[in-house]
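Undergrad: Have a look at this prediction, sequence included:
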Amino acid sequence: MNDDDIRPYTLDVTASERMPGRFEWAIRRNGKLLERSDRYAESKQAAEKAGLKAVERLFSPEPSRGR
C-alpha cells in the first residue's frame with residue numbers, strides 16, 4: 001500500500017508564475033485537479049488558509065432542506 005491509497009487528497013500551495021510575489025492553491029485527488037484558486041493570495045499562509053476553507057466546503061455534508 002502506498003501513500004496514494006491512504007491519502008489521495010492533497011492541497012498544493014505554490015508561488016504564482018503569472019503574478020510574481022503572489023500565491024495559488026490547488027486541491028488534487030491522486031494528482032488529478034479537483035479545484036484551484038481563482039484569486040491570488042498575498043502570502044503563502046493566506047493561500048493555504050483559503051485552500052483549507054475550500055477543502056472544508058468540498059467535504060462538508062450538504063445542509064438539509066428541512067423536509
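TA: That came in fine, so what should we check first?

Undergrad: got a list of what the nearest residue to Met19 once chain neighbours are set aside touches?
TA: Closest residue to Met19 apart from its sequence neighbours, by C-beta to C-beta, 6 or more residues apart in numbering: Tyr40 at 4.9 Å. C-beta: built from backbone N, CA, C; applies to glycine. Neighbouring residues of Tyr40 by C-beta atoms under 8 Å, 6 or more residues apart in numbering: Ser16, Met19, Arg22, Phe23, Glu24.

Undergrad: Burial check on the second one, number of neighbours?
TA: The local packing of Met19 (other C-beta atoms under 10 Å) involves 11 other residues.

Undergrad: do the last one as well
TA: Residues lying near Glu24 (other C-beta under 10 Å) number 21.

Undergrad: CA atoms only for the helix or strand hosting it - export them in CSV, please.
TA: Per DSSP states H and E: Glu24 is located in strand 23-29. Extracted C-alpha coordinates of strand 23-29, given in CSV (Å, rounded to 0.1, in the frame of the first residue of the first chain):
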residue,chain,number,x,y,z
PHE,A,23,0.4,32.5,-4.3
GLU,A,24,-2.1,30.0,-5.6
TRP,A,25,-3.6,26.8,-4.2
ALA,A,26,-4.9,23.6,-5.8
ILE,A,27,-6.8,20.6,-4.4
ARG,A,28,-5.9,17.3,-6.0
ARG,A,29,-7.1,13.7,-5.7
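
Undergrad: tell me the mean pLDDT for that strand?
TA: If you average the pLDDT over strand 23-29, you get 96.

Undergrad: Show me what it is packed up against.
TA: strand 9-15, strand 32-36, helix 44-59 (3 or more C-beta pairs under 8 Å, 6 or more residues apart in numbering; DSSP states H and E).

Undergrad: Put together a markdown table for those, with mean neighbour count and mean pLDDT on each row.
TA: What follows is these, written out as a markdown table (neighbours: other C-beta atoms under 10 Å; pLDDT from 0 to 100):
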| stretch | mean neighbour count | mean pLDDT |
| --- | --- | --- |
| strand 9-15 | 14 | 95 |
| strand 32-36 | 12 | 95 |
| helix 44-59 | 14 | 94 |
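
Undergrad: Thanks a lot, see you next time.
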